[in-house]
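# need a 3D model of the sequence below.
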Amino acid sequence: MNDNITPVEAALYLFPVPLSDGSLDRILPSVNTQLLNGISHFIVENVRSARRFIKKCNHAADIDSMTFYVLNRQTPVTAIPPMLDALANGQPMGVISEAGCPAVADPGADVVAIAQQRGYKVVPLVGPSSILMGLMGSGFNGQSFAFLGYLPIDKDQRQKQLHDMQKSIVSRDQTQIFIETPYRNNRIIADIAAALPGSLKLCVASDISGPNESIITRPLSWWVKAKFDYDKTPTIFLLYK
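Next up, the predicted model:
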């Protein structure tokens, strides 16, 4: 660690990552970069993208002196606890996701759970969340909502999930939030419009905080006739009445 950098308190810091390309100054507070500069041990979803993010935050960062531990969906559960050894020895550690907020719909939640069990300090930092930003821009119920992650790929299971979502909207007055693999974005809109009543509203929030940000809420009857192309663009979907 550079001697000119103010020491960072020993804790597990959760660093949000931009959702799209753009100026970091517009997306992340400067305190994130300051803390990032004082940490040399990171738990990351992808080493290459984490190194790129750190370098973008600080072009002078000595990446080669840093230690990275990979935590993704393929990481064995037994491999997670040793990742916190540096923190156990009094050194600060950071968690970096691929995009958005660590530990929210993200494997980073597993290491945070262990840190909490051991009584370590956990510090979530301010940054973009597609779930919350999409909800903010949708006009839907922000008091009661559910994030469902990816919908099933199997056609019958997906139909069941969509109808279960409809029931939750009607019976619980609950906004339903979900995502899809980017290259299937257009298809999921068509599937939803064909399966559910046209009066239900769908919000499509695409490229959030990016240069081509688009957040559109319309009835499903409108989406049936609309012309759009969201394929290959990070997008989140919200359903409500």
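
# quick check: next helix or strand after the lowest-mean-pLDDT helix or strand in the chain?
None of the helices or strands of the chain scores lower by mean pLDDT, DSSP states H and E than helix 24-27, at a mean of 83. Downstream of helix 24-27, the next assigned helix or strand under DSSP states H and E is helix 30-36.

# in that next one, what's buried?
The neighbour-count check on helix 30-36 (16 or more other CB atoms under 10 Å) flags 32, 33, 35, 36 as buried. C-beta here means a position set from N, CA and C on the backbone, and glycine is covered the same way.

# would you check that the third one makes contact with residue 127?
No: Residue 35 sits out of contact with residue 127 when judged by CB atoms under 8 Å, with a separation of 11.9 Å.

# which neighbours do these two have in common?
Common neighbours of residue 35 and residue 127, counting by CB atoms under 8 Å, 6 or more residues apart in numbering, are residue 15.

# so what touches the longest helix seen in the chain?
As assigned by DSSP state H, the longest helix anywhere in the chain is helix 155-172. With contact meaning CB under 8 Å, 6+ apart, helix 155-172 is reached by 144, 146, 148, 151-152, 174-176, 178, 191-192, 195-197, 200, 239-241.

# which stretch of helix or strand covers the closest residue to residue 204 other than its chain neighbours?
Nearest non-adjacent residue to residue 204, counting by CB to CB, 6 or more residues apart in numbering: residue 216, 5.5 Å away. Assigned by DSSP H and E, residue 216 belongs to strand 214-219.
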